[in-house]
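In: Sequence and computational prediction follow.
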Amino acid sequence: MKTYKNRIKPRAFTYAAIFTMWCLATLNSYSQVDSSRTYFFGHSLIDHSPPAIPTPSNETTVPHWLRKLAVAAGHEFAVDGQFGFLPNHANNLPPIPQLGYDCVPGFWDNSMQTFAEASPTDLLLTAANFIQAEPPTFPYYGPDSIYTPITATTTIVDWVSNEVSDIDIYIYENWPEMSDTILPYPTSYNELIPYHDYTQEAFHDWWITYQDSMLLRRPDLNMRMIPAGPIISKLLTTTNLSTIPIPELYEDMAPHGRPTLYFLAGLVTYMAIYEEPAPVNFPPDTNVHPEVFDDFPGLVDLIWQDLLAFNDANGNSRVFTDDFSAVQVVLDSVCIEIFPNPSNGIFIIDGLIGQYQIDVLDIQGNIYQNYNSSQQVEIDISALPSGMYFIRIENLSNSQLYVEKILKQ
């Protein structure tokens, strides 16, 4: 994982001006992740309904678990969407919401509202999982050959961004058909190893090329990627989850999943969209294999670390819309450093000359710790829950203020 050491660049603001900016930035940064209204253009690796073996509700869908995780964390989540592959979606714009869930509210009544009036905050789309033998610029077969995955995606995101200019767009990376690597349907862990290797390697490379191609075509769009498939494959080969029986994960070679698989996909997706670790106090669910909850905080941490480390060649996150590196300011022409960021709870503030009031706050503005210092300070918030906090530094001689976001892993 990359460790960031953030240097503060010159900027002159009064106490009042910076404090106002901080308040506004806090609201802007967290309104989008505190309440998500997601519209998805998806298929059965997001919504597998109905499953071969019935479940009590919609446990074989990602939205079901996103809602439960969001509620456990004190957030809101609503969803609407439609079913099909990218060419189908591109050919049928404006979209029409087709799907509903027992426990997940919708947000768009298309009989009374336009898509823009429904104000979606997030768009989730995914390509088919059986086309990765060819590059994403390669045409589909048959009547869909007027499109490539890239041109179909471009058609969709252009329409959506024209309707809602500030929407966050996520490419949901799914998992491949088993027939690509394994015949017949696997019956043992060893038979799954080539499949998981393919998911994390060549299959994953296709999705990176897909995202990079879209970013080149539409650099102004906020387009991120959620690597659900590769992270799940990593968990299923490197943790105690490798002992989960295959029928508890997959029910066919498509491969449609059982609730455990969609729960894992929901975990990855939740952390990407809400830009925070999933709530570690999430109660065990009897529909999910108990191995998942044997060390749930450890599982959440593994996923979070993989998301933090999923960067492009320039070190920019492929996942998060928020930049976890600092907003940078100079106080008294002295270079202040706060590092490492993110960390496990220990942060160093260096470069202080003069008297400063230093506060540690949560995203609601509650103060957890405060210090008076004129030298290097070690901040220890390791006992606090994982998530985003703020370090607020006030120069007591001139009331200049510096506020920086920090991430406690």
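Out: Structure's in. What do you need?

In: Return the per-residue confidence for the residue nearest the centre of the chain.
Out: With distances taken as C-alpha atoms, centre = their mean, A272 lies nearest the centre of the chain, 0.8 Å away. Here, the pLDDT recorded for A272 equals 96.

In: what about it, distance to L308?
Out: 11 Å (C-beta to C-beta, to the nearest Å). Using the backbone N, CA and C atoms, a C-beta is placed for each residue, glycine as well.

In: Kindly report the same for P340.
Out: Relative to L308, and taking C-beta to C-beta, P340 is found at 12 Å.

In: what do you get for N92?
Out: 37 Å.

In: More neighbours: the two, which one.
Out: Ranked by neighbour count (other C-beta atoms under 10 Å), N92 and L308 place L308 first, with 19 against 13.

In: Verify the stated contact: that one with P342.
Out: Yes. Counting by C-beta atoms under 8 Å, L308 touches P342, with 6.5 Å between them.

In: quick one: low-confidence parts of this protein?
Out: Along the chain, segments meeting pLDDT under 70 span 1-33, 180-185, 322-335, 363-365, 374, 399.

In: Helix, strand, or coil at the residue nearest to the centre of the chain?
Out: helix (DSSP: H, G, I helix; E, B strand; the rest coil).

In: who's in contact with it?
Out: 170, 224, 226, 307, 319-320 (C-beta atoms under 8 Å, 6 or more residues apart in numbering).

In: Quickly list what E337 is bridged to.
Out: E337 has these beta-bridge partners by DSSP bridges: R7, D350.

In: Near it, how many other residues are there?
Out: 17.

In: wait, doesn't it sit right on I349?
Out: Yes. Between E337 and I349 a contact is recorded at 7.3 Å, counting by C-beta under 8 Å.

In: Please measure how far the first residue of stretch 44-64 sits from its last one.
Out: 13 Å (C-alpha to C-alpha, to the nearest Å).

In: Okay, buried residues for it please.
Out: 44-48, 51, 55, 58-64 (16 or more other C-beta atoms under 10 Å).

In: how far is it from where the chain is centred?
Out: Counting by C-alpha atoms, centre = their mean, to the nearest Å, stretch 44-64 is centred 21 Å from the centre of its parent chain.

In: Show me the strands in the protein, by range?
Out: Listed in chain order, the strands of the chain (DSSP state E) span 6-7, 35-42, 76-83, 122-125, 168-172, 223-226, 337-339, 346-350, 356-362, 367-373, 377-380, 387-395, 401-408.

In: could you dump the ones you listed to CSV with distance to I150?
Out: Listed next are the strands of the chain as CSV, based on distance: least, C-beta to C-beta, whole Å:
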stretch, distance to I150
strand 6-7, 35
strand 35-42, 15
strand 76-83, 20
strand 122-125, 12
strand 168-172, 11
strand 223-226, 12
strand 337-339, 39
strand 346-350, 42
strand 356-362, 41
strand 367-373, 47
strand 377-380, 45
strand 387-395, 34
strand 401-408, 33
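
In: Just give the number of residues close to D122.
Out: So D122, with other C-beta under 10 Å, has 23 neighbours.

In: before we move on, what about N366?
Out: Neighbour count for N366, taken as other C-beta under 10 Å: 9.

In: And it, how far from V360?
Out: 10 Å.

In: now E276
Out: Counting by C-beta to C-beta - E276 and V360 are separated by 17 Å.

In: now do H48
Out: Taking C-beta to C-beta, one finds H48 at 43 Å from V360.

In: ok, F203 touching A228?
Out: No. Between F203 and A228 there is no contact under C-beta under 8 Å: 11.9 Å.

In: Would you map the helices across the protein?
Out: 15-34, 62-72, 86-91, 115-118, 149-163, 189-200, 202-217, 228-238, 259-274, 296-309 (DSSP state H).

In: ok, the closest residue to L396 other than its chain neighbours - contacts?
Out: Closest residue in space to L396, ignoring its immediate chain neighbours: Q355 at 4.4 Å, by C-beta to C-beta, 6 or more residues apart in numbering. Contacts for Q355 (C-beta under 8 Å, 6+ apart) come out as 372-374, 395-397.

In: how about these, which pair is most distant?
Out: S373 and S397 (13.5 Å; C-beta to C-beta).

In: Looking at the two now, which is surrounded by more residues?
Out: Applying other C-beta under 10 Å to S373 and S397 shows that S373 carries more neighbours, namely 14 against 11.

In: so what's the more buried one up against?
Out: 349, 352, 355-356, 358.

In: what's the most distant pair in the residues you listed?
Out: I349 and Q355 (13.6 Å).

In: Neighbours of S165, how many?
Out: Neighbour tally, S165, other C-beta under 10 Å: 11.

In: Q375 too?
Out: 10.

In: close enough to count as contact, it and G351?
Out: No. Using C-beta under 8 Å, Q375 is not in contact with G351; the gap is 9.6 Å.

In: Stretch 245-253: how far from the chain's middle?
Out: On C-alpha atoms, centre = their mean, the centre of stretch 245-253 falls 25 Å from that of its chain.

In: next one: stretch 154-169
Out: 18 Å.

In: which of the residues in that stretch are buried?
Out: For stretch 154-169, by 16+ other C-beta under 10 Å, it's 154-157, 160-161, 163-164, 167-169.

In: Widest-spaced pair of the residues you listed?
Out: Top of the distance list for the buried residues of stretch 154-169 (C-beta to C-beta): T155 and D168, 18.8 Å.
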